[in-house]
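In: Sequence unavailable; structure follows:
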């Protein structure tokens, strides 16, 4: 290759690009950083006027170490900077307007910026407003004909007053820690129904205790994420009339009822429903006193589980396992489920797992996030049921709950699972946990599950000797349910990979110690 053609060290290649491309590059920077490029040359001086993405943030100045006087000066400078940028750009089309702002009591200036962005036909509006007093969202935002993506976040002083709604192009709506002026729940329903092409709805830190109900109804919605932190009360009802929904993530207190659940298109669900702390305490206390599991009559997750029972991918939190034990009359059959992830916790027992896994007839991949489980300190006999004329109790599984690997339960010996993954293998949380306990459980899975082809253990350890010990321990297995089974012990902290073959001639199991990501 000609060396003369390669000699570009003395040339400014970026400045040789067309203005449109440079402005596109600047759009990925914060507006503050993009403005700093104006000092590079005369040509760069006015390029900011044509940048279609504005990213403005005054929260970076809210640092106690700066002192009150310094923070006040910086906030004033920020206001002047925004005014100049908006004036420089005039009425040029705007793609994205992102504003993170902490304000006191004067909201007119912020509203003027937002309305100006709407006038310029903004497509993506991202607002984080933290205010000492109520900040009502300008009603014009909910009447935009150009918005495709809308994010609203801040504190509960950020108020959405739903009057008229017409968002014909809005596909994505995110709301984080905001409130509605109308606390009856009708305002939220009106907002969602006014988005005729909505595909993604995210609600974080939204509470329904004011109305006792959550209802989402939209025929075009494909992704729905609901995350509620408040867990002192159970919603009266939760309804999801979303026939096009493909992905659902629900983290909330279990409701008293789920009257309308239209989820015919659902493929993947992440379930984090939970009982209130008081309900969990009373449930565990009852177990300790009577050796049985009482089904609660005030709340029920059965209808919800039936509505999602056709999913292919399912994630269950550890708290959801508790709900399955105490708030589910009968676990439905998941006929399409091929991938199941279960979060484990040292304070949560596995009583609901046998019936759940028995009702997954084509399950291929089972993932455990940790191998923790609660010890009830009680061993139940098969078929034992506490009899009480006023209460209904769940039949206890056919195993010892304080040591879930003892015996050979039918839910393992008939399991169709081919791939077993364990994340956070070896993680020790309390004195109840130990490596022997987790290794014994893996041994039991390998010895009992007849269709296992691969077991992957993600072991976060900086020591090569840890992997050697674990691998050598699995080599001592005298009995395996599947001759095709192999075990991989994976650690990203060790820089080499080896393969260890079982010394047992009859097992046919190959053990892998692989440090590369899988």
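Out: Arrived safely. A quick note: this is a predicted structure, and the numbers were derived from the prediction, not measured.

In: Could you use CA atoms for every contact and neighbour count after this?
Out: Will do.

In: quick one: which helix or strand includes residue 412?
Out: Assigned by DSSP states H and E, residue 412 belongs to helix 410-413.

In: Can you list the buried residues in that helix?
Out: Of the residues in helix 410-413, 411, 412 count as buried by neighbour count, 16 or more other Cα atoms under 10 Å.

In: Check which helices and strands that helix sits against.
Out: When contacts are defined as 3 or more Cα pairs under 8 Å, 6 or more residues apart in numbering; DSSP states H and E, helix 410-413 sits against helix 353-358, helix 435-448.

In: Please tabulate these in JSON lines, including the columns distance to residue 100, mean neighbour count and mean pLDDT.
Out: Converted to JSON lines, the helices and strands packed on helix 410-413 look like this (distance: least, Cα to Cα, whole Å; neighbours: other Cα atoms under 10 Å; pLDDT from 0 to 100):
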{"stretch": "helix 353-358", "distance to residue 100": "45", "mean neighbour count": "18", "mean pLDDT": "89"}
{"stretch": "helix 435-448", "distance to residue 100": "46", "mean neighbour count": "18", "mean pLDDT": "83"}
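
In: Dump the ones you listed into CSV; add distance to residue 249 as well.
Out: Output for those, formatted as CSV (distance: least, Cα to Cα, whole Å):
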stretch, distance to residue 249
helix 353-358, 19
helix 435-448, 29
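
In: check contacts around residue 244.
Out: For residue 244, the contacting residues are 219, 220, 221, 222, 263, 264, 265, 266, by Cα atoms under 8 Å, 6 or more residues apart in numbering.

In: 10 Å instead?
Out: Each residue near residue 244 by Cα atoms under 10 Å, 6 or more residues apart in numbering is listed here: 199, 218, 219, 220, 221, 222, 223, 262, 263, 264, 265, 266.

In: re earlier: which stretch among the helices and strands packed on helix 410-413 comes nearest residue 458?
Out: helix 435-448 (12.6 Å; Cα to Cα).

In: next helix or strand past that closest one?
Out: Tracing the chain past helix 435-448, the next element assigned as helix or strand by DSSP H and E is strand 454-459.

In: tell me what the helix or strand just after that following strand is packed against?
Out: Next along the chain after strand 454-459, taking DSSP H and E as the criterion, comes helix 464-475. Here helix 464-475 touches helix 435-448, strand 454-459, strand 486-490, strand 498-501, strand 510-513, going by 3 or more Cα pairs under 10 Å, 6 or more residues apart in numbering; DSSP states H and E.

In: angle of the third one against helix 435-448?
Out: The one in question is strand 486-490. Here strand 486-490 runs at an angle of 150 degrees relative to helix 435-448 (axes from the mean of the first three to the mean of the last three Cα atoms, to 10 degrees).

In: go on, the second one?
Out: Between the axes of strand 454-459 and helix 435-448, defined by the same axes, to 10 degrees, the angle is 170 degrees.

In: quick one: average confidence on strand 454-459?
Out: Taken as a whole, strand 454-459 carries a mean pLDDT of 88.

In: again, but for stretch 133-142
Out: Stretch 133-142 carries an average pLDDT of 91.

In: Mind listing what's buried along it?
Out: With the criterion 16+ other Cα under 10 Å, stretch 133-142 contains buried residues 135, 136, 137, 138, 141, 142.

In: With secondary structure and distance to residue 253 added, can I get the residues you listed in a markdown table?
Out: Output for these, formatted as a markdown table (DSSP: H, G, I helix; E, B strand; the rest coil; distance: Cα to Cα, whole Å):
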| residue | secondary structure | distance to residue 253 |
| --- | --- | --- |
| 135 | strand | 29 |
| 136 | strand | 28 |
| 137 | coil | 29 |
| 138 | coil | 32 |
| 141 | helix | 31 |
| 142 | helix | 30 |
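
In: still on that earlier bit, as TSV, the helices and strands packed on helix 464-475 with distance to residue 191 would be great.
Out: What follows is the helices and strands packed on helix 464-475, written out as TSV (distance: least, Cα to Cα, whole Å):
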stretch	distance to residue 191
helix 435-448	49
strand 454-459	44
strand 486-490	48
strand 498-501	57
strand 510-513	53
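
In: Between those, which one is closest to residue 473.
Out: Among the helices and strands packed on helix 464-475, helix 435-448 sits nearest to residue 473 (Cα to Cα), with 8.1 Å.

In: Could you tell me the angle between the closest one and helix 464-475?
Out: Orientation check (the same axes, to 10 degrees): helix 435-448 against helix 464-475 gives 40 degrees.

In: all numbers from here: first residue = 40
Out: Sounds good: first residue 40 from here, last item helix 474-487.

In: Give the other helices and strands that helix 474-487 contacts.
Out: Packing contacts for helix 474-487, counted by 3+ Cα pairs under 10 Å, 6+ apart, involve helix 449-452, strand 458-464, strand 493-498, helix 503-514, strand 525-529.

In: Dump the buried residues of stretch 172-181 to a markdown table, plus distance to residue 452.
Out: Shown next, in a markdown table, are the buried residues of stretch 172-181 (distance: Cα to Cα, whole Å):
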| residue | distance to residue 452 |
| --- | --- |
| 174 | 59 |
| 175 | 59 |
| 176 | 58 |
| 177 | 61 |
| 180 | 58 |
| 181 | 56 |
